[in-house]
Structure formats: structure tokens, C-alpha cells
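Undergrad: heads up, no residue letters with this:
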């Protein structure tokens, strides 16, 4: 029996019962409305616990925006939604200095980015200048306006959505900016049974407002304390080696022209810790790493043109790489 196997037979050494119970309540509230998107809900909660931002990509009508809104509603915090459009200016996001006629001085008026949870709808519809203003906020947790720096509140989480089939009037996010997202979550259509359940629930609710059913069950202060608790989750050295091997293989894989960076390995580590906590454990297992690998790495690597023409996806290549690395036993 390896040191790793001996460790996982132990009981939790860190009390994460409050975190686990609160996250279970959040999921329960969201599932009052959302049907068949369990993976999306779990990944968004993992990103919150890991203090990361998420890019949600999916076809219209698959509850991308609604899921993010409902999760935000379960948290007693400041929430803002911004609809990105081609004519959106950076000041529409960050805020601007306004001349106060009474004092004859400029006063900074905060924009919607000054919130705990910010939902960006159709992020790829805004021009590069506006996107750059957003990404400074995401990377540095601050806003720079007229030579002054303003610190954003904590916790600070961005959920962004985009549609993969519409390209007219959009501005593709550069790889360097995509790297600022902890996760890129691909949302698919529901299965037949889930589709039927959606119809039944919608019919049963008649004219009621679905969002009114969801209640706040956790505070922003609790979320911030959970994020700090995640740092204490145990990771065996064998699993650190496992993560490093996966990352190195993305850089040498013949199907990829761009491999994952050291930032990706840190993101994979922190996401695995959050996944463990969401499962009620204070230690990481190989399954936690495999669970989040595609969402962490898929948008951080690039396929070769040949593989792209053959219909390969980055998720498929990541899964291949994961399967070639020996799992610690």
C-alpha cells in the first residue's frame, strides 16, 4: 500500500462540514429551476471555491445565463449583469470620472464591475478595448481609471457566456485572455428524459416566476472563508507529480501546437482541491484532477491545423493525455 492509499483511508482532518452543507444547499436551490445541468452547476461551484472565473460556452437556450444567475442568487452578495455589445465602451464596465458641479471636482462613479459576482453575457460581442478593461479586473482584481487604481470587492467572480455558432459581429478572445479564465465549460443539450422533465416542470408551474423559488443560503463572507479553507486541502506529493506529468505531456503532444503553461498547472491543482471539498473531502484524489482537467486545460491548448481539419477537439486530446499518465496508486 502506497503512502497515498494510506492517507485516503483517514477521516477528514479539516472541518469542511459547513462548506459541504452550504454547497449542497446551493445546488438544491438551483435545481428547483434547472434540470439536467448538474455538471455545469458543479463546475461553477468549483470555480467559485477556487476563486476562479468561468467562461460558459453553449448553444442558445441551454440555461447558461440562467444557471449563473441562479447560483449568484443563492449567495447574499452584490450581483451585476452586463450585456456586452459592439458599442460597449470600457467606461461602461469599469466606471468613469464625472464632474461634480457643486464641488467643481471630478468624482469617480463605479461601474457594474464593482460587484462580488459579475455575469457577462455574450463576452465576445464587445471590442478588444472593452475586453481588455474587463481582463485587467479579472487578473488584478482592480480597475485603473484616469491614473487612479480602485480595488474590487472580495470575493470577486466573473461568469461569462458566449455562443459557439455565431461569429458575425463578434470579437474572438485571444488565447492570452482566455488563459485568465479558470474554466471553460461546454454546455450541451439535455437528454430525452431531462427534456421531458423540463417540459413537465414548466407546464406545472404555469405563470409562476421560476427565479422567485430560489433563496439565498450562503453569504459572501462565508464564500470568502471557504475560498481560504480550500488552500488547506491536502494534496499528496504523488498527485503533484501526476499534475506535472499531465501538463508536460500537453507540451510534447504531436496533436497540439500550444501546450499548457505553469499557470494551468496551478489552476489544475486549485480546481482539484475545490472539487475535493465539494465532494466532502479534505484531500485530493486522482478523480478530482480528472474531473476538472478538460475544463481547466481545454481552452489553454491549441490543436494543430491537421488535427483541427480531422475534427479533433482539445477535450478529446486532453482525455487521451490523461489516459496515458499512470494514476498514482
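TA: Happy to help now that I have it. Note that the structure is a prediction, hence the values are computed from the model and not measured.

Undergrad: ok, residue 228 - how many residues close by?
TA: By other C-beta atoms under 10 Å, the residues close to residue 228 number 9. Bear in mind the C-beta positions are built from the backbone N, C-alpha and C, glycine included.

Undergrad: what helix or strand is it on?
TA: Using DSSP states H and E, residue 228 sits within helix 220-230.

Undergrad: now the helices for the stretch 151-300 of the chain?
TA: Assigned by DSSP state H, counting those that start in this stretch, the stretch 151-300 of the chain shows helices spanning 175-178, 192-205, 220-230, 237-252, 262-278, 286-297.

Undergrad: Compare those and give me the one nearest residue 116.
TA: Ranking the helices of the stretch 151-300 of the chain by their distance to residue 116 (criterion: C-beta to C-beta) puts helix 220-230 first, at 5.0 Å.

Undergrad: Tell me the buried residues in that closest one?
TA: For helix 220-230, the neighbour count (16 or more other C-beta atoms under 10 Å) marks 220, 222, 223, 224, 226, 227, 229, 230 as buried.

Undergrad: Does it pack against any helices or strands, and if so which?
TA: Contact here means 3 or more C-beta pairs under 8 Å, 6 or more residues apart in numbering; DSSP states H and E; on that basis helix 220-230 packs against helix 17-30, helix 38-49, strand 75-76, helix 262-278.

Undergrad: Show me the two of the buried residues of helix 220-230 that sit farthest apart.
TA: Spatial extent of the buried residues of helix 220-230 (C-beta to C-beta) is set by the pair 220 and 230 at 15.8 Å.

Undergrad: and the closest residue to residue 48 other than its chain neighbours, what does it touch?
TA: Excluding the flanking residues, the one nearest residue 48 by C-beta to C-beta, 6 or more residues apart in numbering is residue 157, at 5.6 Å. Residue 157 is in contact with 47, 48, 51, 52, 53, 116, 117, 118, counting by C-beta atoms under 8 Å, 6 or more residues apart in numbering.

Undergrad: my read: the fifth one touches residue 185, true?
TA: No. Counting by C-beta atoms under 8 Å, residue 53 stays clear of residue 185, with 11.1 Å between them.

Undergrad: Between these two, which is the more surrounded one?
TA: Ranked by neighbour count (other C-beta under 10 Å), residue 53 and residue 185 place residue 185 first, with 27 against 23.

Undergrad: Bridged to the more buried one, which residues?
TA: residue 56 (DSSP bridges).

Undergrad: Wait, it touches residue 52, no?
TA: No. Using C-beta under 8 Å, residue 185 is not in contact with residue 52, being 11.4 Å away.

Undergrad: what separates the spatially closest residue to residue 187 that is not a sequence neighbour from residue 94, distance-wise?
TA: Excluding its sequence neighbours, the residue lying closest to residue 187 (C-beta to C-beta, 6+ apart) is residue 58, at 3.1 Å. Residue 58 sits 27 Å away from residue 94, taking C-beta to C-beta, to the nearest Å as the criterion.

Undergrad: mind listing what residue 100 touches?
TA: 106, 107.

Undergrad: Look up phi and psi at the residue nearest to the spatial centre of the chain.
TA: When C-alpha atoms, centre = their mean is applied to the chain, the residue found nearest the centroid is residue 54 (2.4 Å). When read as degrees, to the nearest 10, the backbone of residue 54 gives phi -130, psi 140.

Undergrad: Surely it and residue 159 touch.
TA: Yes. With contact defined as C-beta under 8 Å, residue 54 counts as touching residue 159 (5.4 Å).

Undergrad: Can you tell me which helix or strand of this protein has the lowest average pLDDT?
TA: None of the helices or strands of the chain scores lower by mean pLDDT, DSSP states H and E than helix 3-8, at a mean of 49.
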